[in-house]
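> With the input below, show me the fold.
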Amino acid sequence: MNNNYVLSYINPDTDGVACSIAMAKFLSSKNEKWISGVLGSIGEETVFILQSLEIPFPDTNIVLDEVEKIVLVDTHHKSQLPMGFPYSKVVSIIDHHPNGDEDLFPTASITNQKIGAAASLVAEMYIEKGIVDIPILKLLAFAILSNTLNFFAPSSTEFDKKIFKRLCDIAPIDFELVDKMFERRSSILKKDIYTALKADFKVFDTKLGRVGISQIEAYNLENMIDISQCAVALQQIANEKGINLCLFNGVDIKFKRSIVIAANNQSQQLLSSLFDLSECKESHIFNRILLRKTDFVPQLNV
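All right, here's what the predicted structure looks like:
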């Protein structure tokens with residue numbers, strides 16, 4: 001049996017998991033089997049959607065040394081993959097993020113389109129091939145909504161909206177589940193703030209050095225966090241990671257805006273510089289939704 005896996009980054013979001021599951025099904029044939037896998041853990045929002053659609057969970061017990069071939073989805077960034085990752089085994093990449101490490105994947109074909117969700121690209125493949133797998137199409141639709149924050153995220157594109165509509169024409173989704181999905185995303189804040197911030201913390205190698213950014217998207221987030229406690233927890237994570245520049249981007253889905261918190265004075269200066277703010281403060285509320293991939297990472301590499 002082939003030991004081929006479709007993988008995403010460590011602790012992937014709903015977009016990454018949905019793409020892994022959908023691509024494994026898309027690629028599998030009588031002669032070659034592909035397995036959906038997750039490096040790390042699956043978030044509560046994703047668990048809720050998989051259970052609601054009665055879709056089996058991906059394999060989380062992966063021994064990378066034993067993998068034969070890899071298709072990578074929703075990432076092609078070194079900092080998001082584990083140490084010792086077998087880059088040479090990656091045969092294909094489907095992503096929607098800028099500034100990837102393409103040189104690390106010498107044998108891979110790369111599809112990287114700047115859109116709101118990798119699931120939109122995978123869904124287009126299903127649609128073009130005329131593959132009607134209702135649970136998978138619904139999963140991809142939920143993943144698009146999740147990653148674009150119901151199309152309120154600045155990364156959302158007309159392409160995402162078009163693909164989502166075509167998915168719903170074939171496999172209509174229950175929109176009550178959409179609200180419940182976003183509620184599950186907020187449940188992470190019921191844990192202690194340190195655990196919540198660390199759950200989606202990513203380190204980026206930028207022109208300014210290594211920068212850590214935690215991101216949480218939640219409904220009514222501003223009324224669920226304490227700024228000072230958040231800054232302390234953020235600094236603790238920064239110390240563990242050995243980095244000085246560390247920010248938290250909190251996306252409030254209810255109010256369609258972001259609150260950004262800096263871990264320390266150096267990070268406050270970074271925040272002020274990135275967004276041309278008149279003063280350096282511990283936190284700043286932006287009256288629009290910011291996302292790491294569209295509003296932070298590109299600026300850090302200018």
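> alpha carbons only for contacts and neighbour counts from here, please
Fine.
> Distance of Gln266 relative to Val47?
Using Cα to Cα, to the nearest Å, Gln266 is found at 37 Å from Val47.
> More neighbours: which of those two?
A direct count of neighbours by other Cα atoms under 10 Å for Gln266 and Val47 places Val47 higher, at 17 against 13.
> okay, that one: pLDDT?
pLDDT for Val47: 96.
> Contacts only, for it.
Val47 makes no contacts at all, as judged by Cα atoms under 8 Å, 6 or more residues apart in numbering.
> which SS class is it?
helix (DSSP: H, G, I helix; E, B strand; the rest coil).
> Distance check, it against Leu270.
Counting by Cα to Cα - Val47 and Leu270 are separated by 35 Å.
> Over to Gln51?
Distance of Gln51 to Leu270, given as Cα to Cα: 41 Å.
> do Ser79 as well
Computed as Cα to Cα, the Ser79 to Leu270 distance reads 20 Å.
> Same question for Lys69.
Relative to Leu270, and taking Cα to Cα, Lys69 is found at 40 Å.
> sorry, back to before: looking at Gln51 and Leu270, which is more packed in?
Leu270 (20 against 11).
> Tell me the gap between stretch 243-251 and the middle of its chain.
In terms of Cα atoms, centre = their mean, to the nearest Å, the centre of stretch 243-251 is set 16 Å apart from its chain centre.
> Likewise for stretch 173-191?
The gap between where stretch 173-191 is centred and where its chain is centred comes out at 16 Å by Cα atoms, centre = their mean.
> now stretch 122-130
Centre-to-centre, stretch 122-130 and its host chain are 21 Å apart (Cα atoms, centre = their mean).
> Make sure Leu177 is indeed in a strand.
No - counting by three-state DSSP, Leu177 falls outside a strand, being helix.
> Tell me the predicted confidence for it.
Looking at Leu177, its pLDDT reads 94.
> Tell me the secondary structure at Leu247.
Here Leu247 is strand, with the state taken from three-state DSSP.
> what's near enough to touch it?
Applying Cα under 8 Å, 6+ apart, the residues near Leu247 are 211-214, 234, 260-263, 267, 271.
> and which of the residues you listed is nearest Thr60?
Distance to Thr60, by Cα to Cα, is smallest for Ser214 among those, at 23.1 Å.
> The closest one contacts Lys198, correct?
Yes - the criterion here is Cα atoms under 8 Å, and Ser214 meets it with Lys198 at 6.9 Å.
> Show the subsequent helix or strand relative to the lengthiest strand in the chain.
Longest strand of the chain, by residue count under DSSP state E: strand 209-218. Note on strand 209-218: by DSSP states H and E, the next helix or strand toward the C-terminus is helix 227-241.
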